[in-house]
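Peer 1: The following block contains a protein sequence and its predicted model.
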Amino acid sequence: MLYSRLFGKTQKTTPSDAAMPSHKLLYKAGFIRRFSTGRWSFLPLGMRVWKKIFEIIEQEMDAIGVQRLVVPTLHPLQIWEKTNRDKVFGEEITVIEDHYGQTFILGPTAEGMMAELVKMFSPSYKDLPLEIYQFSSKFRDEKRPRGGLLRVREFMMKDAYNFCANEKQFEKSYQKFYDAYLRLAQTFGLKVTTVLADSGAIGGAISHEFIVDNEKGDDTYFVCDHCKQAWNQEKCPSYRPDLTPNEKEKDFKIIDQPQWVMTMEDNIKHYGQPTWHYLKNVVYKDHEGKIYIASVRGDQDVNETKLKRYLKLNHLDPATDADLEKMGTKHGYVHSWGIKSVTYVGDEGLTKVKNFIGGQKADQTASKTVNYGRDFKYDHLADIVDAKDGDICAICKKGKLKEKKGIEWGHTFNIGHFYSKPQKCTFTNQKGQEKSLHMGSHGIGVGRSLALVVENYHDKNGICWPKNLTPYHVHLLGLDLSDTKIKKDAESLYKKLQKEGLEVLFDDREDTTAGEKFADADLIGIPLRILVSKRSIENGGVEYKERTKKESKVIKKDKLVKTVKEFYKN
RNA sequence: CGGAGUGUGGCGCAACUGGCUAGCGCGCAGCGUUUGGGACGCUGAGGUUGCAGGUUCGAGUCCUGUCACUCCGACCA
């Protein structure tokens, strides 16, 4: 490719709102342009990397025997209604109507469609496991897209689906995808941590997120420094040790308490006890207006996802002041027991502290030496709090949890029969009986992969593409091109490299200074820079420089092809 | 969805309390001089200041509404 003909120029300035390095660099180097929030065009340079990501994923799927196909982008609404997910995804889905009045969803993920497709062939146990995938644009109206390509509303995703006869077969198939994902991450040069996650709106039980560490990432996860297990925040079990092992239960008391004691800080000021010694109540309501009170230790935060999962609810909102009034209470006065027609859910940590303070606050009084099991008791007791950095690991009980930030690169789900049952996606077993298929789904975002690579491979001058993802193998720079001999030299080299099957970007601009060409080459980030100039010819060859190295060397022209190929071999 | 903020040629910005023909840099086009780390000179093209309405002799500037975009939070594959 001649640089002078390349569509998409580099730029010295970046939009002032770009915060992430990948956003800035991909923009500056002319790989991408935005049309509206979370919707991007890929320019020719970006497209070349995109294509390589495609091919790498395709090869890996081929290698593990997963077959490629494609389903329509517009999903009939009825398919989504079968699993009620038109409501679960809620505002994140775009619903459109065609000219005939038929309603469709712009597909945000395709489990339902794939299940319908599989049904069309009434599979037998002999066909299982059935493993298929597609590349297709996904549409999710993210509330807050951010970071350039990192979180968007429209994106290309590789989504794979497996359909299995039983749990055992599924586990084997799932493991195959899991291993393939680890290999793919390695091929992309991404260090991933696999964390146990909640499967959220996709549905199902278990899932693994493949997370790339990034300080500005919006996924929080925890790793145990002993057993090495990792969970994301929504899934991480919380360990609440016995904090008062040597204390005895004292008699329940109502005591005087000044009215100003309202918040946790006030409590500490007044009683001089650590925060875990108080009772804390957080009030929620579901979409039907039903009220739930989550009761936890004063030093802990309610994890809404855990609470929702426990209550089997899709939606939970904080209660408003008006809701509290209806309950006959107000902010700061919510009792840990006794309020009628609400559901109390306690955190298991309540059983590990003796003699709580609080729970029954009135204007001038409060309760003291309150004990769970004796003074109050709930029908629901579960793990509903956030794990915290430094907590003891609830599983091995030996290590400590370390909190980390990252960006989700891929996700594998064990969805079980979440779709198969309501959609009647079945197979016939050896006995001729109809059985529901055990499903899984596995996704990788193409654009996000690309951005994550840039996040991890760049320096102050620009991108440093890994060898297997670079838009071109060689960035050929011609200097002194007004000299016809040098120009011819550079051109013949350009042709020669191409003939050898190498992808070459040739900066053939005659009216551009050397400095600008160097700066552009660094910004675009192709791993090898080959320079032809008056000086290089005087020195007997061409200048060869690796993007990530400081120094260059002169090599003879007839050695060039071999050197380049050698470089790309490793 | 809550909080904060921003909209001025393709990009980055300026225009003080309302005041003259809305400026500057980059980029783009032409000519010339340059050419090893983002050169320089001259010339030129490109804007109904996001949109709608209002106040005023006069609005980029003030008011109302609206739209878009960004950041923080909540949520989320």
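Peer 2: Cool, got the structure.
Peer 1: For A:Met369, give its distance to A:Ile339.
Peer 2: No Met there; residue A:369 is Thr. 21 Å (Cβ to Cβ, to the nearest Å). C-beta: built from backbone N, CA, C; applies to glycine.
Peer 1: List, one by one, the residues from the stretch 101-250 of chain A near RNA strand B.
Peer 2: With Cβ under 7 Å from any atom of the strand as the criterion, the stretch 101-250 of chain A comes near RNA strand B at residues A:108-109, A:138, A:140, A:142-147, A:151-152, A:155, A:157, A:197-202, A:207, A:209, A:216, A:218-219, A:234.
Peer 1: Just the buried residues of these.
Peer 2: A:108-109, A:138, A:140, A:145, A:147, A:151-152, A:155, A:157, A:197-200, A:202, A:207, A:209, A:219, A:234 (16 or more other Cβ atoms under 10 Å).
Peer 1: So A:Phe222 belongs to a strand, correct?
Peer 2: Yes: counting by DSSP: H, G, I helix; E, B strand; the rest coil, A:Phe222 is part of a strand.
Peer 1: wait, it sits on A:Trp231?
Peer 2: Yes: using Cβ atoms under 8 Å, A:Phe222 makes contact with A:Trp231 at a distance of 5.6 Å.
Peer 1: between those two, who's got more neighbours?
Peer 2: A:Phe222 (25 against 22; other Cβ atoms under 10 Å).
Peer 1: can you give me the strands for the stretch 151-300 of chain A?
Peer 2: Here the stretch 151-300 of chain A has its strands, by DSSP state E, counting those that start in this stretch, at A:154-164, A:192-197, A:206-213, A:219-224, A:230-232, A:253-256, A:279-285, A:291-297.
Peer 1: can you redo these as a markdown table with mean pLDDT?
Peer 2: Formatted as a markdown table, the strands of the stretch 151-300 of chain A follow (pLDDT from 0 to 100):
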| stretch | mean pLDDT |
| --- | --- |
| strand A:154-164 | 96 |
| strand A:192-197 | 92 |
| strand A:206-213 | 90 |
| strand A:219-224 | 92 |
| strand A:230-232 | 91 |
| strand A:253-256 | 88 |
| strand A:279-285 | 87 |
| strand A:291-297 | 90 |
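Peer 1: Select, out of those strands, the one closest to A:Leu505.
Peer 2: Minimum separation from A:Leu505 across the strands of the stretch 151-300 of chain A (Cβ to Cβ) falls at strand A:154-164, 23.5 Å.
Peer 1: What strands line up against that closest one, and which way round?
Peer 2: Within its sheet, strand A:154-164 is paired with strand A:130-139 (antiparallel), strand A:438-445 (antiparallel), according to DSSP bridges.
Peer 1: so how far is the longest one off the chain centroid?
Peer 2: Meaning strand A:130-139. Its chain's C-alpha centre and that of strand A:130-139 lie 17 Å apart, by Cα atoms, centre = their mean, to the nearest Å.
Peer 1: quick one: contacts of it?
Peer 2: A:54, A:57, A:61, A:64-71, A:73, A:93-94, A:106-110, A:114, A:118, A:123, A:153-164, A:173, A:176, A:437, A:442, A:446 (Cβ atoms under 8 Å, 6 or more residues apart in numbering).
Peer 1: returning to what we had before: check the strands paired with strand A:154-164 for me and report the most buried one.
Peer 2: strand A:438-445 (a mean of 25; mean count of other Cβ atoms under 10 Å).
Peer 1: Quick one: mean pLDDT for the following helix or strand past that strand?
Peer 2: Tracing the chain C-terminally past strand A:438-445 and defining elements by DSSP states H and E, one meets helix A:446-456 next. Averaged across helix A:446-456, pLDDT comes to 95.
Peer 1: what about A:Arg33, which SS state?
Peer 2: Quick answer, by three-state DSSP: A:Arg33 is strand.
Peer 1: Quick one: residues contacting it.
Peer 2: A:8, A:27, A:40-41, A:43.
Peer 1: if I look at A:His411, how far off is RNA strand B?
Peer 2: 4 Å (Cβ to the nearest atom of the strand, to the nearest Å).
Peer 1: Show me the one of the strands paired with strand A:154-164 that comes nearest A:Phe418.
Peer 2: strand A:438-445 (7.2 Å).
Peer 1: tell me which strands and helices the top strand by length along chain A is in contact with?
Peer 2: Secondary structure of chain A read by DSSP state E shows that its longest strand is strand A:401-416. In terms of contacts (3 or more Cβ pairs under 8 Å, 6 or more residues apart in numbering; DSSP states H and E), strand A:401-416 is packed against helix A:167-187, strand A:192-197, strand A:206-213, strand A:219-224, strand A:438-445, helix A:446-456.
Peer 1: what's downstream of the helix or strand bottoming out on mean pLDDT in chain A, the next helix or strand?
Peer 2: Lowest on mean pLDDT, DSSP states H and E among the helices and strands of chain A sits helix A:85-88, with a mean of 70. Next helix or strand after helix A:85-88 toward the C-terminus (DSSP H and E): strand A:95-97.
Peer 1: now for that following strand, which elements pack on it?
Peer 2: Using 3+ Cβ pairs under 8 Å, 6+ apart: strand A:95-97 touches strand A:103-106.
Peer 1: The very next helix or strand once past the strand it packs on to strand A:154-164, inter-axis angle?
Peer 2: Sequence-wise, the next helix or strand downstream of strand A:103-106 (DSSP H and E) is helix A:111-119. For helix A:111-119 against strand A:154-164, the angle between stretch directions is 40 degrees (axes from the mean of the first three to the mean of the last three Cα atoms, to 10 degrees).
Peer 1: hang on, the earlier thing: mind putting the strands of the stretch 151-300 of chain A into TSV with distance to A:Asp483?
Peer 2: Putting the strands of the stretch 151-300 of chain A into TSV (distance: least, Cβ to Cβ, whole Å) gives the following:
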stretch	distance to A:Asp483
strand A:154-164	45
strand A:192-197	50
strand A:206-213	47
strand A:219-224	55
strand A:230-232	59
strand A:253-256	94
strand A:279-285	76
strand A:291-297	77
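Peer 1: Thank you kindly, that will do.
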